[in-house]
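A.B. asks: have a look; sequence and predicted model below, questions after that.
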Amino acid sequence: MSDNILKIRDLSVNYQTDRGKLKALRNIDLDISRGSIVGVVGESGCGKSTLITSIIRQLDANADIPNGSIEFEKQDLLKLSLDKMRNISGTQLSIVFQDPMSTLNPVLSIGRQMIDIQYRDKTSKKIKKQRSIDMLNKVGIPDPQSQLKQYPHELSGGMQQRVSIAMALQAGPSLLIADEPTTALDATLEVQILKLLKELQVEMGCSILFVSHHLGVIAELCDHVIVMYAGEIVEQGSTYEIFNNPAHPYTVKLLECDPASISKKQRLLPSIPGEIPDLTNLSGGCIFKNRCDQSIDRCDKQTPKWNEFSNNHYVSCHLIES
Amino acid sequence: MNNILSIKNLRVRFRTKSPFQAMLQKIDDPFIDAVRKVSLDIKQGETFTLVGESGSGKSTLALATAGLLTAKEGQIKFMNEDVTNMTPSQIMAYRKKISFIWQNSIGSLSPRMSVGSLITEGYKIHNLKDRDLKMEADRLLKLVGLPTNIKERYAHELSGGQARRVGVARAIALDPKLIIADEPTAGLDVSVQGEILNLLNKLRDDLGVSLFVITHNLNIVRHISDRTAVMYLGRFVEQGQTDDIFAKPRHPYTLALLSANLTPYQKTSLENRIELTGEVPSLMDRPNGCEFHTRCPFSSKHCDNEFPPIHTFNNHQILTCHYPLN
């Protein structure tokens, strides 16, 4: 019934390090339905980037995937040959990175790069060029004809990010992964880029997996939010539910810490005491137990199961169990 | 209270073409002004924050204040001493009273020095031989809330929050009167961000230093700062008491910045939220008239040609605009 474009089941990723096996992701289940925008939030080191790189199969050499599947458009990406994967990424699956300046090639003109990435098409250069112009038009770049001759350093940060969005969407992908695409931009440009992404998503009918640690950005753009902590998903639900009705103690604390949530001016800002557990040496039980102020005996021994807190709002916590 | 720092009409510029290139290409003015006609006062024990987009000259202003860049025009007075005309030995003494917390916390620590020697480096540079470095290191680490055994570690062994604390320890080592913090929470998660800001606030109260904080995170400005200035293309477009600026922004750019401040919670009570279009103009090609008119939703013909006048509201909210908002 539900049409899921991406279906991740029981995905785990380990990194082999000097200190032993670092369990960066553990048993991740994630669905993205067609045409929706899903946001992933979490602090640094919670596995957001590992999740993305495992979807595009660009994990570092010291990583291995002991179990799990990533089903995209009815095929398991983890079982595809690298050749087939190459064909999917860039056409059906594309990505916008954090820093546009390091994504674009500094020694080639924008036009050259936009034509180059259409190498799979056997059409004439003229058509490819026209396509690039149309795409630049779509992302709101004025006078695209002459911009094609420009080099990345001649464009401002906002313009560069628009170009990389244009390039990512050129082939009409069904899933766009956005890895903190607005972190390098200023607030006023950030709003412009988010608006653009939302418009293009509706126009082109793709799904977006949007990763960020900026809670405000996630709330503005996404339909569905996934909260990650130390390599696990702890809570997921609609954006409204997560931000207005958070249930997992970590989500509650995270939202409390955000200075934007405190409407009255106060000198002393809240923080979450303690540190993220060492992922090379996990003791079992709930992952958040050592920083949680409501933990009970069971949190030490038993890994919490998924509980439906309200309609389509799932929480992995012992306290929620009815 | 006394002004600890007072800057008048400061102008800092950078060369864009070498003299020879400029001559060949017949460019009369091969410079860009990163900071233009900036005036500000910081009182003792006060937190002054500077907000603005990247490239607006925030960091340049901070570097010039610390005496690390030379000003082309204008005056910087620190505790009634003129910084702009100091001799090298005077600058050395001045640097003891002013310290910096750098934006890139790990990058600003030498990878070859242990934390212990990093935080006591200042004593060696300023030849303070009477101090017991080991004791000082312990004292400083305690002040910033780090375990004393961290002394043996190197920069790469620290987490983002710890490196930031080491940066703070280095900054307070020489008992400065003013600490300049360039994006003190950049790259930190919200949970750690609060700890660092609380630490800065505590040090401000305990040691009586003034803080000059540069940031583009408006959410933290609201909580930590006493006065705020908004910078655009190297100029202050608005400055005043933080509470007033947040409650009643009067410059359209300030309003736009506040409107662009995305929060997951109820929208703040800004009656007329605005969204900007277009890009920030290049410093090489400053717009005529009001420099914000290319992006301003309220601009009229007037703004295109004439530089806006300075308005003062309630004696302290100063802004440059033809049509201040009410």
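C.D. replies: It's in.

A.B. asks: from residue A:106, how far out is the closest residue in space to residue A:125 that isn't next to it in sequence?
C.D. replies: With CB to CB, 6 or more residues apart in numbering or on different chains as the criterion, residue A:125 has its nearest non-adjacent residue at 6.4 Å, and that residue is residue A:115. All C-beta atoms are positioned from the backbone trio N, CA, C, and that covers glycine. To residue A:106, residue A:115 is 17 Å away according to CB to CB, to the nearest Å.

A.B. asks: and those two? Which one has more around it.
C.D. replies: residue A:115 (19 against 9; other CB atoms under 10 Å in any protein chain shown).

A.B. asks: the residue nearest to residue A:125 contacts residue A:130, correct?
C.D. replies: No - under the criterion of CB atoms under 8 Å, residue A:115 makes no contact with residue A:130, lying 10.4 Å away.

A.B. asks: list the buried residues for the strand or helix carrying the residue nearest to residue A:125?
C.D. replies: Assessed by DSSP states H and E, residue A:115 sits inside helix A:110-116. The neighbour-count check on helix A:110-116 (16 or more other CB atoms under 10 Å in any protein chain shown) flags A:110-111, A:113-115 as buried.

A.B. asks: which elements pack onto the next helix or strand after it?
C.D. replies: Next along the chain after helix A:110-116, taking DSSP H and E as the criterion, comes helix A:125-138. Helices and strands touching helix A:125-138, by 3 or more CB pairs under 8 Å, 6 or more residues apart in numbering or on different chains; DSSP states H and E, are helix A:110-116, helix A:144-147, helix A:157-169.

A.B. asks: near chain B at all, the shortest one?
C.D. replies: No - using CB under 8 Å from any CB of the partner chain, helix A:144-147 stays clear of chain B, with a minimum separation of 12.3 Å.

A.B. asks: buried ones in that helix, by neighbour count?
C.D. replies: By 16+ other CB under 10 Å, the buried positions in helix A:144-147 come out as A:144, A:147.

A.B. asks: swap in stretch B:17-24?
C.D. replies: For stretch B:17-24, the neighbour count (16+ other CB under 10 Å) marks residue B:22 as buried.

A.B. asks: do stretch A:5-21 as well
C.D. replies: Buried residues in stretch A:5-21, counted by 16+ other CB under 10 Å: A:5-8, A:11-15.

A.B. asks: same thing with stretch A:292-305?
C.D. replies: Within stretch A:292-305, the residues scored as buried using 16+ other CB under 10 Å are A:292, A:295, A:299, A:304.

A.B. asks: so which of those residues is the closest to chain B?
C.D. replies: Chain B has its nearest neighbour among those in residue A:292, at 13.1 Å by CB to the nearest CB.

A.B. asks: where along chain B do the helices fall?
C.D. replies: According to DSSP state H, chain B carries its helices in the segments B:19-24, B:58-65, B:88-97, B:115-119, B:121-125, B:133-143, B:160-172, B:190-207, B:218-224, B:242-247, B:252-259, B:301-305.

A.B. asks: is it possible to get a markdown table of those that adds mean pLDDT?
C.D. replies: Shown next, in a markdown table, are those (pLDDT from 0 to 100):
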| stretch | mean pLDDT |
| --- | --- |
| helix B:19-24 | 90 |
| helix B:58-65 | 92 |
| helix B:88-97 | 90 |
| helix B:115-119 | 94 |
| helix B:121-125 | 91 |
| helix B:133-143 | 92 |
| helix B:160-172 | 92 |
| helix B:190-207 | 89 |
| helix B:218-224 | 89 |
| helix B:242-247 | 91 |
| helix B:252-259 | 90 |
| helix B:301-305 | 89 |
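
A.B. asks: among the buried residues of helix A:110-116, which one lies nearest to residue A:156?
C.D. replies: Distance to residue A:156 across the buried residues of helix A:110-116 (CB to CB) is lowest for residue A:110, with 13.0 Å.

A.B. asks: for residue A:133, list the residues it contacts.
C.D. replies: Remark: with contacts taken as CB atoms under 8 Å, 6 or more residues apart in numbering or on different chains, residue A:133 is in contact with A:144-145, A:148.

A.B. asks: repeat the analysis, applying 6 Å as the threshold.
C.D. replies: If you count contacts by CB atoms under 6 Å, 6 or more residues apart in numbering or on different chains, residue A:133 has them with residue A:144.

A.B. asks: measure residue B:97 to chain A for me?
C.D. replies: 25 Å (CB to the nearest CB, to the nearest Å).

A.B. asks: these two touch, right, that residue and residue B:175?
C.D. replies: No - contact between residue B:97 and residue B:175 fails when scored by CB atoms under 6 Å: they sit 8.4 Å apart.

A.B. asks: when these two are compared, which one has more neighbours?
C.D. replies: Shown here are residue B:97 and residue B:175; by other CB under 10 Å, residue B:97 has more neighbours (16 against 11).

A.B. asks: show the pLDDT at residue 261.
C.D. replies: Just so you know, I chose chain A. With respect to pLDDT, residue A:261 has a value of 81.

A.B. asks: the intended chain is chain B.
C.D. replies: At residue B:261, the predicted lDDT confidence score is 82.

A.B. asks: let me see the domain layout of chain A.
C.D. replies: What automatic domain parsing lists as the domains of chain A is A:4-92+A:171-320, A:103-170.

A.B. asks: measure the first one end to end?
C.D. replies: If I follow you right, that is domain A:4-92+A:171-320. 27 Å (CA to CA, to the nearest Å).

A.B. asks: now do the last one
C.D. replies: One end of domain A:103-170 sits 16 Å from the other (CA to CA).

A.B. asks: if we can go back for a sec, export the helices of chain B to JSON lines and tack on distance to residue A:83?
C.D. replies: Supplementary listing: those in JSON lines, determined by distance: least, CB to CB, whole Å:
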{"stretch": "helix B:19-24", "distance to residue A:83": "50"}
{"stretch": "helix B:58-65", "distance to residue A:83": "47"}
{"stretch": "helix B:88-97", "distance to residue A:83": "60"}
{"stretch": "helix B:115-119", "distance to residue A:83": "49"}
{"stretch": "helix B:121-125", "distance to residue A:83": "54"}
{"stretch": "helix B:133-143", "distance to residue A:83": "55"}
{"stretch": "helix B:160-172", "distance to residue A:83": "39"}
{"stretch": "helix B:190-207", "distance to residue A:83": "42"}
{"stretch": "helix B:218-224", "distance to residue A:83": "47"}
{"stretch": "helix B:242-247", "distance to residue A:83": "56"}
{"stretch": "helix B:252-259", "distance to residue A:83": "48"}
{"stretch": "helix B:301-305", "distance to residue A:83": "57"}
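
A.B. asks: returning to what we had before: so which of the buried residues of stretch A:5-21 comes closest to chain B?
C.D. replies: For the buried residues of stretch A:5-21, the nearest to chain B is residue A:15 (17.3 Å; CB to the nearest CB).

A.B. asks: so for that closest one, what's the nearest residue that isn't a sequence neighbour?
C.D. replies: residue A:22 is the one closest to residue A:15 (CB to CB, 6+ apart), at 4.4 Å.

A.B. asks: isn't that neighbour right next to residue A:279, touching?
C.D. replies: Yes - under the criterion of CB under 6 Å, residue A:22 makes contact with residue A:279 at 5.0 Å.

A.B. asks: what's the spatially most central residue of chain A sitting at in phi/psi?
C.D. replies: Nearest residue to the geometric centre of chain A (CA atoms, centre = their mean): residue A:211, 2.8 Å. Note on residue A:211: its backbone torsions stand at phi -110, psi 130 [degrees, to the nearest 10].

A.B. asks: what's the distance between it and chain B?
C.D. replies: According to CB to the nearest CB, residue A:211 and chain B sit 14 Å apart.
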